[in-house]
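Asker: fold the following, please.
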Amino acid sequence: MIYGFEDNKFYIDFVSCERPHGTMREESDRRARSLAEQGGKFMLGNSGGLDSQSVLHSFHTQGIPIETAFLYLPNYNDNEYEQVKILDKKYGVKTHIVDLDPMACQEEIEQLSIELDIPAKNNVLQRKFLSMLPSDYHFIQMVHDPYVYVDNDFSRFRYYQGYYLPELSRSRAFESLNRTGKNIFFGDTPEFLASILDDDVYRAALKASRYFDGNGATIPGKYLRTVDRWDYYIKPIIYGKYWGDELIYFPKYQGFEKIHYLHGNVKFRHHAVIIHYEELINFLNTPGRIITKRYYENVPLK
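Answerer: Next up, the predicted model:
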């Protein structure tokens, strides 16, 4: 994703699709092949969840070599550690385990959070994880949280992205390491984004948002009307639609959520952009030529 500041105003440049997009699974396989054609050694950040599973599956089923690494935080993400061991056996890989005590590095993470202007400290912890891996590998993470905001009267849907949201915060954290290998965010192509936003499951979930938002459903530490709508409502259904039983649908556990200092005000409204949902999809699907469109921050702070 291309972003920056112009006259102290944040902007994001969106690029239209080079070709008609496929399904999310088709775009995943295409993305793996495209990366393999670029050459180099690849390492996938494997959390054991559906996102990293789908990436590993695309590489494995197409015979493309890839290594995997897992950030193990004893007593916090032990469930995920067990999931990774199951996936190792399934795919015949041996994941590199980075064992880290998050409380021992709390002061370092909090200080870097200030220096890098990344309030969502989980991204800074992920940066430390990456710093402990070989610098010459191209490191892949599936960090895509397509967030479409539903207005209170359920009449309008708007795509939401910004300087402090997960994709950009993680990107800024990783780029500050100045590694020799590339930092690759697997879902960061116009076709991949369009394959999700333009999917009938995503559209149906937005249409049915009154059912979810109005029933008072809650998950501790989550706000299901934000990016968490994707994680807890939409994502597992799309994976189930295109991957079926080829993936393992482990229950969603609270891991990083139990590390208290990682949480707090993440400034999601600061330097943020909203785009009408259909407008963005129509732009991404612009036929005939690749074009770029710049959007400036337009979310009020109050």
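
Asker: ok, residue 163 touching residue 268?
Answerer: No: with contact defined as C-beta atoms under 8 Å, residue 163 does not reach residue 268; the gap is 9.5 Å. For every residue, glycine as well, the C-beta is placed using N, CA and C.

Asker: out of those two, which sits in the more crowded spot?
Answerer: More neighbours surround residue 163 than the other of residue 163 and residue 268, with 22 against 19 (other C-beta atoms under 10 Å).

Asker: just give the nearest non-adjacent residue to the more buried one, would you?
Answerer: residue 271 (3.7 Å; C-beta to C-beta, 6 or more residues apart in numbering).

Asker: okay, now the one you found: neighbour count?
Answerer: The local packing of residue 271 (other C-beta under 10 Å) involves 22 other residues.

Asker: for the remainder of this discussion, apply numbering that starts at 135.
Answerer: With the count now opening at 135, the last piece we talked about shows up as residue 405.

Asker: what's near enough to touch it?
Answerer: 144, 296-298, 431 (C-beta atoms under 8 Å, 6 or more residues apart in numbering).

Asker: for residue 413, give me the pLDDT.
Answerer: Listed pLDDT for residue 413 reads 96.

Asker: actually, residue 322.
Answerer: With respect to pLDDT, residue 322 scores 94.

Asker: just the residues contacting stretch 247-267, thanks.
Answerer: With contact meaning C-beta under 8 Å, 6+ apart, stretch 247-267 is reached by 177, 179, 203, 205, 230, 232, 234, 236, 239, 242-244, 246, 273, 275, 298, 300, 303-304, 306-308, 310-311, 313, 317, 390, 393, 395-401.

Asker: which parts of that stretch are buried?
Answerer: 247, 250, 252-264, 267 (16 or more other C-beta atoms under 10 Å).

Asker: and that stretch, end to end?
Answerer: With C-alpha to C-alpha, to the nearest Å as the measure, the ends of stretch 247-267 fall 20 Å from one another.

Asker: report the distance from that stretch to the chain centre.
Answerer: 15 Å (C-alpha atoms, centre = their mean, to the nearest Å).

Asker: tell me the mean pLDDT over that stretch?
Answerer: Mean predicted lDDT for stretch 247-267 stands at 97.

Asker: can you check stretch 192-200 too?
Answerer: 97.

Asker: and the two most separated of the contacts of residue 405?
Answerer: 298 and 431 (11.1 Å; C-beta to C-beta).

Asker: what about residue 306, neighbour count?
Answerer: As a burial measure, residue 306 scores 18 neighbours (other C-beta under 10 Å).

Asker: can you confirm it is in a helix?
Answerer: Yes: looking at residue 306 with DSSP: H, G, I helix; E, B strand; the rest coil, it is inside a helix.

Asker: gap between it and residue 203?
Answerer: 21 Å (C-beta to C-beta, to the nearest Å).

Asker: okay, now the sheet partners of whichever strand or helix holds residue 283, with direction.
Answerer: Element membership of residue 283 [criterion: DSSP states H and E] is strand 281-284. If you go by DSSP bridges, strand 281-284 pairs up with strand 291-296 (antiparallel).

Asker: can you list contacts of the partner strand?
Answerer: By C-beta under 8 Å, 6+ apart, the residues outside strand 291-296 that reach it are 135, 144, 146, 280-285, 301-302, 331, 340, 402-412, 414, 431, 433.

Asker: how does it look with 6 Å?
Answerer: Residues outside strand 291-296 that contact it (C-beta atoms under 6 Å, 6 or more residues apart in numbering): 146, 281-284, 340, 405-411, 414.

Asker: next one: it to chain centre, how far?
Answerer: That offset, for strand 291-296, works out to 15 Å (C-alpha atoms, centre = their mean).

Asker: confirm that residue 289 sits in a strand.
Answerer: No: counting by three-state DSSP, residue 289 is not part of a strand but coil.

Asker: look at it and report its pLDDT.
Answerer: Note on residue 289: pLDDT of 78.

Asker: pLDDT-wise, which helix or strand of the protein ranks last?
Answerer: helix 362-363 (a mean of 75; mean pLDDT, DSSP states H and E).

Asker: tell me the SS of the nearest residue to residue 152 once chain neighbours are set aside?
Answerer: Leaving aside its chain neighbours, residue 152 sits nearest to residue 424 (5.6 Å; criterion: C-beta to C-beta, 6+ apart). Secondary structure state of residue 424, per three-state DSSP, is coil.
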